[in-house]
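Enquirer: Generate coordinates for the sequence data below:
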Amino acid sequence: MNYSKIPLAQTVVTLCKTHNIKHIIISPGSRNAPLTIGFTHDDFFECYSIVDERCAAFFALGIAQQTQEPTAVVCTSGSALLNYYPAVSEAYYSRVPLVVISADRPKHLVDIGDGQTIKQKNVYDEHVFYSANLKLDLREETQKQSKEEVPLFKNLENKFEKLLGLQNGIQSQNETEIHQALHSAVINSGPVHINVPFDEPLYERVDALTISPIPFKLPNTQQIIDANEIEECTEIWSNSDKKLILVGVLQPNSIEEKWLDELSKDDSVIIMTETTSNLYHKDIFPGIDKLIAPLEEEDFKKLQPDVLLTLGGLVVSKKVKRFLRDYKPKYHWYVEEHNANDTFFVLDRHIKLNLNTFFDVFLSGVNANSKSEYKKYWLAIRQKRRKMHDTYLKTIPFSDFTVFDKVLKSIPDNSQLQVGNSSAIRYTQLFQLKNNINVFCNRGTSGIDGSTSTAIGAALVSEERVTFITGDLSFFYDSNALWNNYIPKGFRIIVINNSGGGIFRILPGHKNTENFDTFFETKHNLNASNLSNMYGFEYTSVKNEMELTTALDTFYDFSNQPKLLEIFTPSQINDEILLSYFEFIK
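Expert: Numbering: from 1, shown residues only. Predicted coordinates:
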């Protein structure tokens, strides 16, 4: 087997294997050659080559999002690792275990005018859960040190023993740092950074390892249940007439069905979910904006909960955030193993438990409230909203709104839906999806960058068929995502092209001016046909409802290429149709 001659490179690769990090996404470079040699010559690793570091990091994020296991990206020195930053911040706020391994120049070559050199130490600062800044192997480092830095010895034997002792200390420290970083990625379910300095020569190889890493014992991370806290919560819960459970981003199957059934027996509980919550039950309230957007002050007071229980990650709906900030609950509890967001400025408890563990101990002490009218009242409102929703669809012309209705209904059963940010995810929130569709979106930072790359990474490792729905700006922004040799044939992209950033048309401000068109909506005349041809996608475009219906009939059929469907909608009416929708469903 081929190994890099450099002990530090051997150590990084070996410990990644020890921690069972299987997927390695490598961007080409010279300074990271020792790592590339090690990873690509070991059959344990699945290695992928992606040139654009920003795309590579989001591709890795998609893999980690699906596997829920650390995935590594490896790059050369300089600005390369800065291109990882958008994905690193997304991983941080979405709690995705991403491992950044960046090659670096030795410390004495930083800030002297050498090329491809920046200050890489702690470059991600507060957006990672651990920064491991490794030390250069002494064997290489001593060749560059000045005479004043190298102690003089009376004989070569004593000098050798001294240097060997120093190198063993460096080796031990590097191993500890790598172990801590990789373990931190797991226990925090988030990104970490390992910065690895290499001196030349970079390409020398050996046939056997020259290191013997010391085994690393994982610390105990068993959850602790505070019985007193749970008892206090169950008492408050049982004596409250209005309880709202708000669910943000969740992995599929995060909550066992029996707990949803148990909660549904309580007439004082309503559960609000989003498409990214991946929860389905007959008594759940999906489509939060559809429910609360038309409400008046009197209705908000009726909806205002005594207790708010939030679960999962970040919430898309701005309307529910505004509601709960204006009509605060008496109590707000957040159940999450890692961190709690005080989104509504009234958080008083953070319960650090797995959701199923929490419900197991919590619901056993709860008495269901059968006298409350809370759920019954809002179920009736939910039903009215759904009827008005269906009626509205029959009254409007071909537009973004009608396109999302048809497209979301077409998603194959038992498949996965990846959604781009901005208007794409907000439209998706307004529609009921099939109960067997799993939905993902990069809601950590909610940026449009990297959505396509993430979807492709997810599609590569998912056992489900993956469809990706995105807006035009998001798609073109991340077009290098298609420069990827690992795209499954069954992968499908749907681009809804309204010739600009249509979401800005629904925000306050002057529209239909040259300034607005150029600097806010950023109008354009681009289409995806040439990109599709260049990257080997089967391309179809449609411009009306009849063409869309015909295209969707065969879009998901088996093919020898991934497919892209581009749907052109009229940009001038989309905002009016969406804003009128909330008035209509009142």
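Enquirer: how about stretch 202-217: buried residues?
Expert: Buried residues in stretch 202-217, counted by 16 or more other C-beta atoms under 10 Å: 202, 213, 216. Using the backbone N, CA and C atoms, a C-beta is placed for each residue, glycine as well.
Enquirer: Ignore what I typed, I meant stretch 119-134.
Expert: 120, 123-124, 127-134.
Enquirer: next one: stretch 389-399
Expert: In terms of neighbour count (16+ other C-beta under 10 Å), stretch 389-399 has its buried residues at 389, 392, 396, 398-399.
Enquirer: right, and F323 touches K301 too?
Expert: No: using C-beta atoms under 8 Å, F323 makes no contact with K301, being 10.8 Å away.
Enquirer: With neighbour numbers in mind, choose between these two.
Expert: Per other C-beta atoms under 10 Å, whichever of F323 and K301 has more neighbours is F323, with 20 against 10.
Enquirer: gap between that one and L295?
Expert: Using C-beta to C-beta, to the nearest Å, we find F323 at a distance of 8 Å from L295.
Enquirer: Quick check: M388 is in a helix.
Expert: Yes: assessed with DSSP: H, G, I helix; E, B strand; the rest coil, M388 lies in a helix.
Enquirer: pretty sure it contacts I585?
Expert: Yes: between M388 and I585 there is a contact under C-beta under 8 Å: 4.0 Å.
Enquirer: ok, of the buried residues of stretch 119-134, which one's closest to N239?
Expert: N239 has its nearest neighbour among the buried residues of stretch 119-134 in F129, at 38.9 Å by C-beta to C-beta.
Enquirer: Angles on the backbone of the residue nearest to the closest one when sequence neighbours are not counted, please.
Expert: Among residues not flanking F129 along the chain, N188 sits closest, at 4.2 Å (C-beta to C-beta, 6 or more residues apart in numbering). Here is the backbone geometry of N188 (degrees, to the nearest 10): phi -100, psi -10.
Enquirer: In terms of neighbours, single out the busier of M388 and I585.
Expert: I585 (19 against 16).
Enquirer: residues touching the more buried one, list them.
Expert: By C-beta atoms under 8 Å, 6 or more residues apart in numbering, the residues touching I585 are 290, 293-294, 385, 388-389, 392.
Enquirer: How about A181?
Expert: So, once contact is read as C-beta under 8 Å, 6+ apart, A181 ends up touching 99, 130-132, 192-194.
Enquirer: could you give the mean pLDDT of the strand or helix carrying it?
Expert: Assigned by DSSP states H and E, A181 belongs to helix 156-187. Predicted confidence along helix 156-187 averages 83 (mean pLDDT).
Enquirer: cool, stretch 202-211 as well?
Expert: Stretch 202-211 comes out at a mean pLDDT of 92.
Enquirer: cool, stretch 399-412 as well?
Expert: Here the average pLDDT along stretch 399-412 is 97.
Enquirer: what does stretch 305-323 give?
Expert: Here stretch 305-323 scores 95 as its mean pLDDT.
Enquirer: what comes up buried for it?
Expert: 305-317, 319-320, 323.
Enquirer: Domains in the protein, by residue range?
Expert: By the record's domain assignment, the chain is partitioned as 3-202, 227-378, 396-584 (automatic domain parsing).
Enquirer: Mind putting these into JSON lines with distance to L209?
Expert: Below are the domains of the chain laid out as JSON lines (distance: least, C-beta to C-beta, whole Å):
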{"stretch": "domain 3-202", "distance to L209": "6"}
{"stretch": "domain 227-378", "distance to L209": "36"}
{"stretch": "domain 396-584", "distance to L209": "29"}
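Enquirer: Out of these, the one nearest N220 is which?
Expert: Set against N220 and scored by C-beta to C-beta, the domains of the chain come closest in domain 3-202, at 10.7 Å.
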